[in-house]
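Peer 1: Prediction below, plus the sequence it came from.
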Amino acid sequence: AKSAGGNRFELADPEADARAITRHGLTTALPAALDRGEFFIEYQPLVHLGDGSVHGAEALVRWLHPQHGVLGPDRFIPLAEHTGLIVPLGRWVLEQSVRQARQWQERHADSGPLRINVNLSPCQLTHPGLVQDTVDILEREGLDAEALCLEVTESALIGADDDLLKPLRRLAEMGVDIALDDFGTGYSNLANLRRLPVSILKLDRSFTQGMQQFPADPVDLKIVEGIVSLAHSLDLAVTVEGVETGAQAEQLRILGCDTAQGWYYARPGPPERLHELALVDATG
Ligand code: C2E
Ligand code: CA
Ligand code: CA
Ligand code: CA
């Protein structure tokens, strides 16, 4: 925006202009991108902290834009949420991921059922088709509900009323795991956790970062220790994200966290990568 006469708050900012144009361009290109198949999914393994074996993977969507190259979800998910395209896009991600999980399970029947984690945007939560779409996809692809985990951010559920929780309860009753993503960033009332149909806490990366030095900051250690013991007393499993070093993994294992995800184990990648990792497990 150019500085309009007299309005001292509106400063010329060519970079902001460029960003706005790209944002507008990306927004209008989104629907056709879905039709043209420009989205793809990378999978990041989740491992058991106890023995390092593969537990499953989280699906992370990317956009191969014909002009801008590969765009991360932070660039386009907010736009898709704003326009409502997140509903068909989210359904597509769920379908692809469930199909992929089914394929892993077929190829690694002996290494235990590999699980798939899929992110749900708050807009999908309020969409009336969520439960039926999920049931249909699981049935069509032939995957057990128990192999699916839907990740919902803590902030999306803060102050959630019963209408918002009802679809999540239905899914949880079917056997789908609900994970509270980015936990610890949303300042939610810990006592509130009992009310939510969640079975997994996904501890935000900021906590993992506090474990970078060895020994870690004693206050950080106490906080994570407290969260883990609270979670376990409520029968919730704890996943940690953003594990980048062996020292972090070891501290988080000692603190009793159950599963972990991060560059230390593997970056998000193509689905074949999980085959390789699970194969290493199976052969010891
Ligand atoms: P998230 O759900 O918290 O996903 C974890 C993010 O951390 C991913 O970023 C992942 O690539 C990154 N990450 C994983 N390990 C490490 C590590 O060791 N160190 C660091 N620094 N980062 C790590 P990504 O792929 O860019 O995704 C960003 C966010 O976009 C996700 O955050 C999620 O909120 C959203 N997102 C991704 N896929 C979808 C989707 O299909 N639907 C919706 N609604 N949101 C999605
Ligand atoms: Ca997530
Ligand atoms: Ca997260
Ligand atoms: Ca995050």
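Peer 2: Perfect, thanks for sending it. Ligands and ions are numbered 1, 2, ... in the order given.

Peer 1: quick one: residue 61 and residue 38 touch, right?
Peer 2: No: counting by C-beta atoms under 8 Å, residue 61 stays clear of residue 38, with 10.9 Å between them. In this view, the C-beta of every residue, glycine as well, is placed from N, C-alpha and C.

Peer 1: Between those two, which is the more surrounded one?
Peer 2: Higher neighbour count among residue 61 and residue 38: residue 61, with 22 against 16, using other C-beta atoms under 10 Å.

Peer 1: would you say the more buried one is within a strand?
Peer 2: Yes: Residue 61 sits within a strand when classified using DSSP: H, G, I helix; E, B strand; the rest coil.

Peer 1: and it, what does it touch?
Peer 2: By C-beta atoms under 8 Å, 6 or more residues apart in numbering, the residues touching residue 61 are 39, 40, 41, 73, 77, 89, 93.

Peer 1: ditto for residue 43
Peer 2: Residue 43 touches 57, 58, 59, 60, 97, 100, 268, 269, 270, 271, 273, 274, counting by C-beta under 8 Å, 6+ apart.

Peer 1: what about the helix or strand hosting residue 247 and ligand 1, any contact?
Peer 2: Secondary structure assigned from DSSP states H and E places residue 247 in helix 246-254. No: Helix 246-254 stays clear of ligand 1 (C-beta under 6 Å from any ligand atom), getting no nearer than 9.0 Å.

Peer 1: Next secondary structure element downstream of that helix?
Peer 2: Helix 246-254 is succeeded, C-terminally, by strand 259-260 (DSSP H and E).

Peer 1: Check the average confidence over that following strand, would you?
Peer 2: Taken as a whole, strand 259-260 has an average pLDDT of 98.

Peer 1: Report the two of the contacts of residue 61 separated the most.
Peer 2: 40 and 77 (14.4 Å; C-beta to C-beta).

Peer 1: for the contacts of residue 43, which one is nearest ligand 1?
Peer 2: residue 60 (3.7 Å; C-beta to the nearest ligand atom).
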